[in-house]
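Chemist: sequence? don't have it. structure:
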């Protein structure tokens, strides 16, 4: 079954690409609160600290958890080094899987938000089944699902996940009306 193209390239970029920050935005996006500083002081790994600050800033800017390499976000890494770790060098290695999940868990707890899971997907499918009876416009359905995730404090799922759910729901309705 083909997936619907729901978002324009610009919308897709806005929702699912790492924010491209201007120099004057970085101090606000990567600002640390006392709880963040306390967390960062709990370990010595500079790469892990930089990763957490990046994850935090990108989440603030977009409400999404991105995977990234330090090389891909070089300007932001240099800003963080200059601001918080001026005696440090650019990290040569990415963070360990353990550090990634630890940073993500801390961030999720900070914002009292959860990762999208199959258990939540079942709730989302039920909501979509009810919604698609009223509206069959894919963009409306997409926006409604994002709103539902936001209201339930769930990080929005990947675009392909939402595409698949909406495509299936629209196909079921289309077959029912044939």
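Modeler: Ah, there it is. Quick caveat, the model's predicted, so the values are computed rather than measured. Numbers count the residues shown, from 1 in each chain.
Chemist: C-alpha only now, for contacts and for neighbours.
Modeler: OK.
Chemist: for the residue nearest the centre of the chain, list the residues it contacts.
Modeler: By C-alpha atoms, centre = their mean, the chain has its centre lying nearest to residue 64, at 1.6 Å. Residue 64 makes contact with 15-16, 58, 155-156, according to C-alpha atoms under 8 Å, 6 or more residues apart in numbering.
Chemist: let's see 7 Å
Modeler: Residues counted as contacts of residue 64 (C-alpha atoms under 7 Å, 6 or more residues apart in numbering) are 155-156.
Chemist: does it sit in a helix, a strand or a coil?
Modeler: On the three-state scheme (DSSP: H, G, I helix; E, B strand; the rest coil), residue 64 is labelled coil.
Chemist: how about it, phi and psi?
Modeler: Backbone torsions of residue 64, given as degrees, to the nearest 10, read phi -140, psi 150.
Chemist: that one and residue 24, how far apart?
Modeler: 21 Å (C-alpha to C-alpha, to the nearest Å).
Chemist: cool, and residue 62?
Modeler: According to C-alpha to C-alpha, residue 62 stands 17 Å off from residue 24.
Chemist: out of those two, which sits in the busier spot?
Modeler: Using other C-alpha atoms under 10 Å as the criterion, residue 62 and residue 24 rank with residue 62 on top: 15 against 8.
Chemist: helices along this protein, start to end?
Modeler: 9-16, 26-29, 34-40, 46-62, 74-84, 97-111, 118-132, 138-151, 159-176 (DSSP state H).
Chemist: OK, contacts around residue 16?
Modeler: Applying C-alpha under 7 Å, 6+ apart, no residues contact residue 16.
Chemist: count of residues packed around residue 162?
Modeler: Using other C-alpha under 10 Å, residue 162 has 21 neighbouring residues.
Chemist: and residue 65, by the same measure?
Modeler: 21.
Chemist: end to end, how far does stretch 129-145 reach?
Modeler: End to end - C-alpha to C-alpha - stretch 129-145 spans 11 Å.
Chemist: off-centre distance for it?
Modeler: In terms of C-alpha atoms, centre = their mean, to the nearest Å, the centre of stretch 129-145 is set 22 Å apart from its chain centre.
Chemist: average pLDDT across it?
Modeler: For stretch 129-145, the mean per-residue pLDDT is 91.
Chemist: I'd like the numbering to begin with 187 instead of 1 from here.
Modeler: Taking 187 as the first residue, the last one we looked at is stretch 315-331.
Chemist: check which residues of that stretch are buried.
Modeler: Going by neighbour count (16 or more other C-alpha atoms under 10 Å), the buried part of stretch 315-331 is 315, 317-318, 322, 324, 327-328, 331.
Chemist: ok, residues contacting stretch 326-342?
Modeler: Here stretch 326-342 has contacts from 249-250, 299-302, 348, using C-alpha under 7 Å, 6+ apart.
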